[in-house]
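[1] Give me a model of this one.
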Amino acid sequence: MSSTLIRIFYDALETYRKPAMFMRRTPAGWESIPSDRACADVESFGLALRDLGIQAGDRVAILSESRYEWPLADLAILGLGAVTVPIYPTLTATQVRFILENSEARLAIASTPAQQEKVIAAMSAQPRLERMIAIEPAQKADPRVVDFATLLEGGRAARVREPHAFPDAAAKIVPSDLATIIYTSGTTGEPKGAMLTHGNIASNVESCLQVVDLNPADTMLSFLPLCHIFERMGGLYAMLARGVTIAYAENFERVAANAVEVRPTVLTGVPRFYEKVHSRVMDAAARMPRFRRRIFDWGIAKGVEKARAHFKGRERDSLAMRLADRLVWSKLRDRLGGRVRFCISGGAPLAPQVMEFFFAIGVPVLEGYGLTETSPVICLNVPGEEKPGTVGPPVPGVEVRIGEDGEILTRGPHVMKGYFKNEEATRLALRDGWFHTGDIGRIDPDGNLVITDRLKDLLVTAGGKKVAPQPIEALLKKSRWVSEAVLLGDRKPYVVCLIAPNFAQLEAEAESHGWRSSSRAELVERAEVQALYRREIETVNRDLAPFEQIKKFAVLENEMSQSTGELTPTLKVRRRVVAEKYASLIEGLYANRALASV
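    Numbers count the residues shown, from 1 in each chain. Okay, here's the model as predicted:
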C-alpha cells in the first residue's frame, strides 16, 4: 500500500487509467476529467506554486467549497512537501484570520469573491501571508492576488520545460513528513491545529480499505467539505487508491438532483445528512393520499422486518418483500440515483432508527467513528455485520481501550503528531502512549464500540448525579418538530432543555390548525405549541431515570445555525456558546417562576 498521500495519487494514475478520474458540473453538463489531465493539472499547479516560492514545510491554506480545484491544489501542495491547511468556507473572517495567523501560512487559495475577501482582510495584519490565489476571478485588482487559471497555465509551461521536476520532488516525501494541519471545530473552546503526517492518513486509508470494498467501477458523489478529514481521507485518498470516480456535487442543496444525474454507487455523509433524507421522505409520505400512504407504510414495515433480521444475522426474503421492493424501496433508491451499493456515516452517532430506515430500503449505511486527530477513523461497522447503535470494531492496526473514567482511548499509526504550537493541549491529549478522545463509551460483547457521550459534556447535577445529554438529545431529535435540542443542568438541581424547532414542520402544523401569530416569537409562545413540545418531552422522560428527566424547557424562536455560532461546521452543537447566548433564558428556567414545566 502507498506510504504517502502523493504516492497514492501516482499509484492510482499508474494502475487505473480512467477516462473519468474526477467529474464536475458545468453549465454544459457533467465534465469528465481523465487521469492524464488530472496528472498534468496537479504537476503543473505544483510547479506554479514552486515558482511562487513555496517550499517543503511551508503552510498553504485552502479556503474553498469542495470542487475539483480543491484536490488539485491539495495534491500539488503535498507533492512539494508543503503542508495543506484546510479552512471551512462557513467560517467568519475573524475565524479565518485566526487560522491563517496561527498556522503561519505563506499563501492562501480562496474560491469565491466572498471567501477571497476574508483572506484579503487578514493579509494586511499578517506580513507572512504573502499572496492569495483566486480560484474564481477576483473582483478587485490587487498585486498580492494571483489568478488560479493564469497560474495553472504558467505551470503547464514549466512542466514542459521540466517534466521530471514535480515527480522528483514528490518522490522525496516520506511517511513521517507533515501533510496537513487541520483545525478542530472548537466545540469546547479555541480551535487547535491537529498535525497529521502522510503516514498517519495513508495508514488510515489502508486500514479502512481492508473493511470496505471499493473498485474502479464505483462512482462516488462527494458533497461533504473536503476540509473535513473524514471526506478528505475517505472521499478522496481512499477513493483514489481504488480507482473510484469522484464526482463533486454543485452544493448541498443540489445533492439529490446531482445524485439522479451521476447515479453514484457510494456516498459518504454525516448523520445530519441521513437524518434529513429520512425526515424528507417521511414528511412527503405524510402528505400522500390515504391509499398510497398505506402502501408506503406497509412497504417500510416489510423493509424494517428485513433489516432487523439482517442485523440479527438472519437474512429474510419473501414474495411480499420483493413486492415491497418494487412498489416502495426501489422508488426511494431512485431518489439517490438507483445504484448506491452502500453509504458511510461518520462525524457523530447515527440514530439507530435512521440507520434501520436506510437498510429497510436496500441502502446499507456503515457507521464509523473517529476524530480529526486520528486521521480520522478509529472504528467502522463491517459490511454484513452491522449493528445499529454501535460504530463497529476498531479498524485493522488500530487499538482501542476504555479508561478508568469511561473515556475512549486509542493508539496506532493513525494518531496525530500533536497540536501545532500548543504543547499543553498535546500533553493532555497524548498520555502514556494513548490518545484521549474526550468521548465516553464501552465495548460490547461482540467487540463493537458504543459511544455514550462526550466527557466534557457530562452534566453533574447538584445532587451529584451524572447525566449524559447526547443520547437524550438524540431521542428528542427523532421528533419531526425538533431541529436541535440542548440539555443543560451542570451543578444545577435538575435538567432543563432548550429546543430549536423545525419551523418548516411547526409552521405547517400551525397553519393547518389556524394557530395565528404575527412572528415566530409569538408562535412558539402559543399554548398549543408549548403543549406540543411538552408531549414530546414527556414521551422521552418516560424511559429516563428521575434524575435524567427534563423538568423544564424553553422553545427558541430561531433554529440554530453555523452563521449564528451555535453549530460547528460539522453541525455539532457548541454547548458553551448556547449556554452563554441564552444565559438569561436558562436562568429563568431555574427561577421560581414556572417556565414551561413538564
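
[2] what ranges do the helices span in the stretch 351-500 of the chain?
    352-360, 423-429, 469-476 (DSSP state H, counting those that start in this stretch).

[3] Residues contacting the last one, please?
    By that I understand helix 469-476. 349, 351, 452-454, 457-459, 482, 484-488, 497, 499, 536-537, 540, 543-544, 548, 550, 573 (C-beta atoms under 8 Å, 6 or more residues apart in numbering). For glycine as for every other residue, the C-beta is placed from the backbone atoms N, C-alpha and C.

[4] Can you point out the buried residues in it?
    Pro469, Gln470, Ile472, Glu473, Ala474, Leu475, Leu476 (16 or more other C-beta atoms under 10 Å).

[5] so the nearest residue in space to Leu47 that is not next to it in sequence, which of the three states?
    In this structure, Leu47 finds its nearest non-sequential neighbour in Ala158, 4.1 Å apart by C-beta to C-beta, 6 or more residues apart in numbering. For Ala158, the assignment made with DSSP: H, G, I helix; E, B strand; the rest coil gives helix.

[6] in terms of contact, does Ala158 touch Asp51 like I think?
    Yes. The criterion here is C-beta atoms under 8 Å, and Ala158 meets it with Asp51 at 6.4 Å.

[7] So which of those two has more stuff around it?
    Ala158 (18 against 12; other C-beta atoms under 10 Å).

[8] dump the residue contacts of the more buried one.
    Ser44, Leu47, Ala48, Arg50, Asp51, Ala165.

[9] Please report the distance of it from Ala309.
    60 Å (C-beta to C-beta, to the nearest Å).

[10] Same check on Asp325?
    Distance from Asp325 to Ala309, by C-beta to C-beta: 15 Å.

[11] before we move on, what about Arg159?
    In terms of C-beta to C-beta, Arg159 sits 56 Å off from Ala309.

[12] ok, now Thr426?
    Taken as C-beta to C-beta, the span from Thr426 to Ala309 is 47 Å.

[13] And the two? Which one has more around it.
    The neighbour comparison of Thr426 against Ala309 (other C-beta under 10 Å) goes to Thr426, with 19 against 14.

[14] which residue packs closest to the more buried one, ignoring adjacent ones?
    Gly418 (3.7 Å).

[15] and that neighbour, how many neighbours?
    18.

[16] Tell me who's in contact with it.
    Gly418 touches Met195, Thr426, Ala429, Leu430, counting by C-beta under 8 Å, 6+ apart.

[17] Can I get the helices of the stretch 351-500 of the chain in TSV including distance to Ser222 and mean pLDDT?
    Below are the helices of the stretch 351-500 of the chain laid out as TSV (distance: least, C-beta to C-beta, whole Å; pLDDT from 0 to 100):
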stretch	distance to Ser222	mean pLDDT
helix 352-360	19	93
helix 423-429	29	95
helix 469-476	27	89
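
[18] Adding distance to Gly447, write the buried residues of helix 469-476 out as a markdown table.
    Below are the buried residues of helix 469-476 laid out as a markdown table (distance: C-beta to C-beta, whole Å):
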| residue | distance to Gly447 |
| --- | --- |
| Pro469 | 27 |
| Gln470 | 23 |
| Ile472 | 27 |
| Glu473 | 27 |
| Ala474 | 23 |
| Leu475 | 26 |
| Leu476 | 30 |
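
[19] quick one: which of those is nearest to Tyr369?
    Gln470 (13.3 Å; C-beta to C-beta).

[20] Kindly state the domain boundaries assigned to this structure.
    Taking automatic domain parsing as the criterion, the chain consists of the domains 5-173, 268-455, 458-590.

[21] ok, back up a step: if we take the contacts of Gly418, which one ends up nearest to Ile87?
    Looking across the contacts of Gly418 and measuring by C-beta to C-beta, the closest to Ile87 is Met195, at 15.7 Å.

[22] Give me the secondary structure label for that closest one.
    strand.

[23] give me the number of residues near the closest residue to it other than its chain neighbours?
    Distances taken as C-beta to C-beta, 6+ apart place Lys417 nearest to Met195, at 4.4 Å, with adjacent residues excluded. Using other C-beta under 10 Å, Lys417 is surrounded by 17 other residues.

[24] which residues touch Lys417?
    Leu178, Met195, Leu196, Thr197, Asn200.

[25] Same check on Ile443?
    So Ile443 contacts Val400, Ile402, Leu449, Val450 (C-beta under 8 Å, 6+ apart).

[26] give me the beta-bridge partners of it?
    Beta-bridge partners of Ile443, counted by DSSP bridges, are Leu449.

[27] Tell me who's in contact with Leu556.
    Leu498, Ile499, Ala500, Pro501, Val524, Tyr582 are the contacts of Leu556 under C-beta under 8 Å, 6+ apart.

[28] In this structure the fifth one contacts Glu557, no?
    Translated: Val524. Yes. In this structure, Val524 is within contact of Glu557 by C-beta under 8 Å, at 5.4 Å.

[29] okay, those two: which has more neighbours?
    Ranked by neighbour count (other C-beta under 10 Å), Val524 and Glu557 place Val524 first, with 21 against 15.

[30] ok, the more buried one - contacts?
    Per C-beta under 8 Å, 6+ apart, neighbours of Val524: Pro501, Leu506, Gln530, Val555, Leu556, Glu557.

[31] for it, helix, strand, or coil?
    Going by three-state DSSP: Val524 is helix.

[32] how close does it sit to Leu585?
    12 Å.

[33] before we move on, what about Ser111?
    Ser111 is 38 Å from Leu585, by C-beta to C-beta.

[34] Who has more neighbours out of these two?
    A count of neighbours by other C-beta under 10 Å puts Ser111 above the other of Ser111 and Leu585, at 21 against 13.

[35] Tell me who's in contact with the more buried one.
    So Ser111 contacts Leu63, Ser64, Glu65, Arg67, Glu69, Pro89, Ile135, Glu136 (C-beta under 8 Å, 6+ apart).

[36] Most neighbours of all those, which one?
    Leu63 (26 neighbours).

[37] and the end-to-end length of stretch 180-194?
    Terminal residues of stretch 180-194 lie 8 Å apart, using C-alpha to C-alpha, to the nearest Å.

[38] brain fart, stretch 130-140
    17 Å.

[39] go on, stretch 554-564?
    First-to-last residue span, stretch 554-564, C-alpha to C-alpha: 19 Å.

[40] Same check on stretch 484-501?
    The first-to-last residue distance of stretch 484-501 comes to 7 Å (C-alpha to C-alpha).

[41] roughly how far out does that stretch sit from the chain middle?
    The chain centroid and the centroid of stretch 484-501 are separated by 25 Å under C-alpha atoms, centre = their mean, to the nearest Å.

[42] Please enumerate the strands of the stretch 51-200 of the chain.
    Along the stretch 51-200 of the chain, counting by DSSP state E, counting those that start in this stretch, strands occupy 59-63, 83-87, 107-110, 131-134, 145-147, 178-183, 193-197.

[43] Tell me the confidence at Arg316?
    Arg316 carries a pLDDT score of 89 in this model.

[44] how about the domains of the chain in JSON lines, adding distance to Val212?
    Formatted as JSON lines, these follow (distance: least, C-beta to C-beta, whole Å):
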{"stretch": "domain 5-173", "distance to Val212": "16"}
{"stretch": "domain 268-455", "distance to Val212": "7"}
{"stretch": "domain 458-590", "distance to Val212": "21"}
